[in-house]
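In: Could you work out the structure for the sequence below:
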Amino acid sequence: MTTGRRILAVAAVLLVSAVWAWAEEPPRAAPPGAIAVPGDYKIGPEDLLDVAVWNNTAISRAVPVRPDGKISLPLLNDVQAAGLTPMQLREALAKKLTDYMPTPEVSVIVKEVHSFKVSVLGEVKKAGQYELKSRTTVLDVVALAGGFTEFAARSRIVILRPNGTSVKRVSFNYNKAIAPDASPEDLFLQPGDVVVVP
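Out: Numbering: from 1, shown residues only. Alright, predicted model coming up:
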């Protein structure tokens with residue numbers, strides 16, 4: 001193995017280790033058939049949820065989140081799911097079910113993520129929209145996009161983040177993120193983010 005390849009391999013291992021160490025909250029262990037999502041993951045349209053009500057097979061089922069952000073369940077009809085964490089949706093369902101049973105025990109598990117999409121534009125080799133399955137950083141999504149072109153302004157990357165009715169601009173400096181003597185600067189992306197590499 002050449003010295004250059006050895007350095008790249010060590011850098012990759014250090015980067016992966018650092019990303020895990022800097023994570024604000026590690027993903028929870030996922031039950032069989034589910035995927036690991038962080039506790040603060042917000043459910044989105046097209047996600048697939050497993051809703052289970054203890055001792056009630058009539059309500060328990062896998063349900064897709066519709067494009068309008070709602071799920072349909074027997075007795076409850078339409079319930080808003082998009083924008084809530086699985087725990088918040090669990091609490092909302094349990095509260096609605098108290099009209100029909102004394103102390104409902106509800107669980108909500110994310111089985112499939114289809115709403116976590118980000119776009120990468122500009123000076124990358126494979127610009128486009130990427131559907132992600134778990135928490136992903138700027139460095140990860142740049143790698144998915146095939147890396148930078150030779151003309152990329154790596155210190156002037158901008159993340160355009162939808163924020164209600166406006167768009168927030170977040171600056172990102174790739175050179176600082178990978179410098180060995182710099183503080184960590186890698187950012188976790190959010191659904192709908194657009195990474196622009198000038």
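In: could you give me the average pLDDT of stretch 163-178?
Out: Mean per-residue pLDDT for stretch 163-178: 88.
In: Do me a favour and get the end-to-end distance for it?
Out: Terminal residues of stretch 163-178 lie 28 Å apart, using Cα to Cα, to the nearest Å.
In: in that stretch, what's buried?
Out: Using 16 or more other Cβ atoms under 10 Å as the test for burial, stretch 163-178 gives Phe172, Tyr174, Ala177, Ile178. Where C-beta positions appear, they are placed from N, C-alpha and C, glycine not excepted.
In: So which residues make contact with stretch 142-149?
Out: Contacts with stretch 142-149, where a contact means Cβ atoms under 8 Å, 6 or more residues apart in numbering, come from Val120, Glu123, Val124, Lys125, Lys126, Ala127, Gly128, Tyr130, Arg154, Tyr174, Val195, Val197.
In: burial of the first one, as a residue count?
Out: The local packing count at Val120 equals 25, with neighbours defined by other Cβ atoms under 10 Å.
In: Doesn't it lie inside a strand?
Out: Yes. Under DSSP: H, G, I helix; E, B strand; the rest coil, Val120 sits within a strand.
In: list the contacts for it?
Out: Counting by Cβ under 8 Å, 6+ apart, Val120 touches Lys126, Ala127, Gly128, Tyr130, Val141, Val142, Leu144, Ala145, Val194, Val195, Val197.
In: and the two most separated of the residues you listed?
Out: The largest separation in these, counting by Cβ to Cβ, is between Lys126 and Val194 at 15.1 Å.
In: Between those two, point out the one with more neighbours.
Out: Val194 (17 against 10).
In: burial measure for Arg161, as a count.
Out: Applying other Cβ under 10 Å, we find 19 residues neighbouring Arg161.
In: Now do the same contact list for it.
Out: Counting by Cβ under 8 Å, 6+ apart, Arg161 touches Val167, Lys168, Arg169, Val170, Gln190, Gly192, Asp193, Val194.
In: ok, 7 Å please
Out: Applying Cβ atoms under 7 Å, 6 or more residues apart in numbering to Arg161 gives the contacts Val167, Lys168, Val170, Gln190, Asp193.
In: No more questions from me, cheers.
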